[in-house]
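no FASTA, just this:
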């Protein structure tokens, strides 16, 4: 905890959760989903690493949690994706040179083209030389500085409240996430990010059994807990299994998250939805499209938000050219405002509490730099101002708070998420509800395979381990999320049906004792996540409904 903590009236806890779906496609370079990864590394993950490194080098006292999902970590360490990302940067450097030439003499856009050219060279230098293409190692070193606490999440970011019919599924998702974290970072995390903040009574029991101390929940998941939390969301509650649950503070959330009411909607900030990948002629932009010819984002965005969103969308609204200097000034103003708001909030809460309040401010890490281009600058300024411009609060992590306040109110949170409407609707609706009967059946089949092969041979072990990988990948929350959208629904369906289909094919081959070794090798090369997986992790566990029944009774249902 920072040195100002002893004198503070309360704490602000920044938690950045970093996750992207597992989009490794060795069969084709330049596929659109892989470009999501490359663009986000360029605009978010590397800039955030640089912010943390700079703060630490300057001796700034701060604490922040960065949660890294297992699929993202797997892609960070994958040699194929590392080499492809390096080529992506070369391609973007070529585009930057062309853009400088195309905009030459245009006082509105040539400086922006040069800014992007310099930025790509900067990112490339960090990735190739400072980090040696090893972003996992970069985060490991940042955490070693003592300011950044790392956490992790479920193996494939599965939405756990809808998969609890088979306890083995929830346990395996948690266990494999922890195993990968331990392999890469050599330690056991104190915190665990429930994907989408999705909680159902009983999930915490698994976390407790795995030695985890805390997790984050959506506001109402804590506010409507039973008994009613004495401190609202500004101190943790402890579930019957002993896991501390920190509730999201709605005020600090809206100030940063909301594109309408929050900082990212400021007219001077860069407009995400105006990209030359869509604005320029197809003949010019063709070399930088996705492999199938689909137009895609390039990261070259020359306009600012200008006006609030309209029914026609950002692409249809009038936009003024982006002014980096004005945007930087606004980031400074907003960092100061966020600091002032937290000061007032802590002061008000501290006057009513018999302990220091904890304001949990969790965000998707991708907001900073990717969706909100100025986000990393805002974050750095807020951290610096927090360290030197005030003494009302200190930055702290949930672990820090539990160390100071080891005894907290027992209470049972309600089922909840931070998805649309706060419950399960995003992942359980007409577009995706058909997937769950298949996932439940597949989990049952996987449990049967574990029991049927107590001493498998070498090829059988490989097939069993690959079946476990395919089932985990089929369980990812990303696919049902995509299915309920209008743009990526086909990709979500494709990924779900392929992973489920490959699992079922492996299950049949194992059951019939006729494994296709050549096809298995191809599948192992394609879906190589979790190299140290042991299929026995899916062993059957008896389902214990006690936590769920107890919660229903406490709620009077």
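Thanks, I have it. Computed from a predicted model, the values in this text were never measured in an experiment.

C-alpha from now on. contacts and neighbour counts both.
Will do.

for the stretch 451-557 of the chain, what are the low-confidence residue spans?
541-557 (pLDDT under 70).

again, only this time at 80
486-487, 540-557 (pLDDT under 80).

Please enumerate the helices of it.
Using DSSP state H, counting those that start in this stretch, the helices assigned to the stretch 451-557 of the chain run over residues 458-474, 478-483, 489-512, 517-526, 546-554.

now the fourth one against helix 458-474, angle please.
On the basis of axes from the mean of the first three to the mean of the last three CA atoms, to 10 degrees, helix 517-526 is oriented at 40 degrees to helix 458-474.

list the helices and strands helix 517-526 packs on?
helix 458-474 (3 or more CA pairs under 8 Å, 6 or more residues apart in numbering; DSSP states H and E).

And for the helix it packs on, what's in contact with it?
155-156, 173, 439, 442-443, 446, 449, 495-497, 499-500, 502-503, 506-507, 510, 515, 517, 520, 523-524, 527, 529-530, 533-535, 538 (CA atoms under 8 Å, 6 or more residues apart in numbering).

try stretch 136-146
49, 52-53, 56, 73, 76-77, 131, 148-150, 184-185.

go again using 6 Å as the cut-off
residue 149 (CA atoms under 6 Å, 6 or more residues apart in numbering).

re earlier: redo the helices of the stretch 451-557 of the chain as TSV? Include mean neighbour count.
What follows is these, written out as TSV (neighbours: other CA atoms under 10 Å):
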stretch	mean neighbour count
helix 458-474	23
helix 478-483	23
helix 489-512	18
helix 517-526	14
helix 546-554	14
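
Of all those helices, which one is nearest residue 354?
The closest of the helices of the stretch 451-557 of the chain to residue 354 is helix 546-554. By CA to CA, the value is 26.9 Å.

picking up where we left off before, would you format the helices of the stretch 451-557 of the chain as a markdown table with distance to residue 277 included?
Output for those, formatted as a markdown table (distance: least, CA to CA, whole Å):
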| stretch | distance to residue 277 |
| --- | --- |
| helix 458-474 | 30 |
| helix 478-483 | 22 |
| helix 489-512 | 20 |
| helix 517-526 | 29 |
| helix 546-554 | 49 |
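
among the ones you listed, which is nearest residue 367?
Across the helices of the stretch 451-557 of the chain, closest to residue 367 is helix 478-483 (CA to CA), at 17.2 Å.

Can you give the distance of the closest one from its chain's centre?
Here helix 478-483 shows a centroid-to-chain-centroid distance of 15 Å under the convention CA atoms, centre = their mean, to the nearest Å.

hmm, who's touching that helix?
Here helix 478-483 has contacts from 427, 431-432, 488-489, 492, using CA under 6 Å, 6+ apart.

Let me know the secondary structure of residue 151.
strand (DSSP: H, G, I helix; E, B strand; the rest coil).

ok, it touching residue 191?
Yes: applying CA atoms under 6 Å as the test, residue 151 and residue 191 come out as touching, 5.4 Å apart.

okay, these two: which has more neighbours?
residue 191 (25 against 22; other CA atoms under 10 Å).

number of nearby residues for residue 321?
Neighbours of residue 321 (other CA under 10 Å): 17.

cool, and residue 540?
Residue 540: 19 neighbours (other CA under 10 Å).

which residues of the stretch 1-150 of the chain fall in helices?
32-40, 46-57, 70-76, 79-102, 110-125, 135-144.

Am I right that residue 15 is in contact with residue 65?
Yes: in this structure residue 15 lies within contact range of residue 65 using CA under 6 Å: 4.6 Å.

Who has more neighbours out of the two?
residue 15 (26 against 22).

what about that one, distance to residue 183?
Counting by CA to CA, to the nearest Å, the gap from residue 15 to residue 183 is 22 Å.

ok, now residue 220?
For residue 220 relative to residue 183 (CA to CA), the value is 35 Å.

Low-confidence ranges, the stretch 51-200 of the chain, go.
Checking the stretch 51-200 of the chain against pLDDT under 80 turns up nothing.

which one is residue 506 nearest to, not counting chain neighbours?
residue 467 (6.0 Å; CA to CA, 6 or more residues apart in numbering).

same check, this time on residue 210
Nearest non-adjacent residue to residue 210 (CA to CA, 6+ apart): residue 175, at 7.4 Å.

did I read that right, the one you found in a helix?
Yes: judged by three-state DSSP, residue 175 forms part of a helix.

going forward, begin numbering at 720 instead of 1
Sure, I'll start numbering at 720, so the last one becomes residue 894.

What separation do you get for it and residue 958?
20 Å.

Can you pick out the residue with more neighbours from the two?
Neighbour count, other CA under 10 Å: between residue 894 and residue 958, residue 958 has more, with 24 against 21.

mind listing the helices for the stretch 870-1019 of the chain?
Using DSSP H, counting those that start in this stretch, helices in the stretch 870-1019 of the chain cover 886-904, 922-928, 938-942, 969-976, 995-998, 1001-1004.

quick one on the thing from earlier: max pairwise distance over the contacts of helix 1197-1202: which two?
Among those, 1146 and 1207 lie farthest apart (CA to CA), at 14.4 Å.

Who has more neighbours out of those two?
residue 1146 (25 against 15).

Return the residues in contact with the more buried one.
1199-1200.

For residue 1152, see how far away it is.
Relative to residue 1152, and taking CA to CA, residue 1146 is found at 7 Å.

which stretches of the stretch 970-1119 of the chain aren't confidently modelled?
For the stretch 970-1119 of the chain (pLDDT under 80), the answer is 978, 1027-1035.

Among the contacts of helix 1197-1202, which one lies nearest to residue 991?
residue 1207 (18.1 Å).

how close does the closest residue to that closest one other than its chain neighbours get to residue 1186?
The shortest distance from residue 1207 to any non-neighbouring residue, by CA to CA, 6+ apart, is to residue 1201 (5.3 Å). Remark: distance between residue 1201 and residue 1186 (CA to CA) = 23 Å.

Which helix in the protein has the most residues?
helix 1043-1069 (DSSP state H).

Please name the nearest non-neighbouring residue to residue 866.
Using CA to CA, 6+ apart, the closest residue to residue 866 is residue 782 (4.7 Å).

For the one you found, which residues are in contact?
By CA under 6 Å, 6+ apart, the neighbours of residue 782 are 866-867, 1114-1115.

from these, which two are the most distant?
Pairwise over the contacts of residue 782, using CA to CA, the maximum falls at 867 and 1114, 11.0 Å.

Tell me which of these two has more neighbours.
residue 1114 (26 against 22).

quick check: domain ranges of this protein?
Following automatic domain parsing, the chain resolves into domains at 730-988+1043-1139, 990-1040, 1149-1257.
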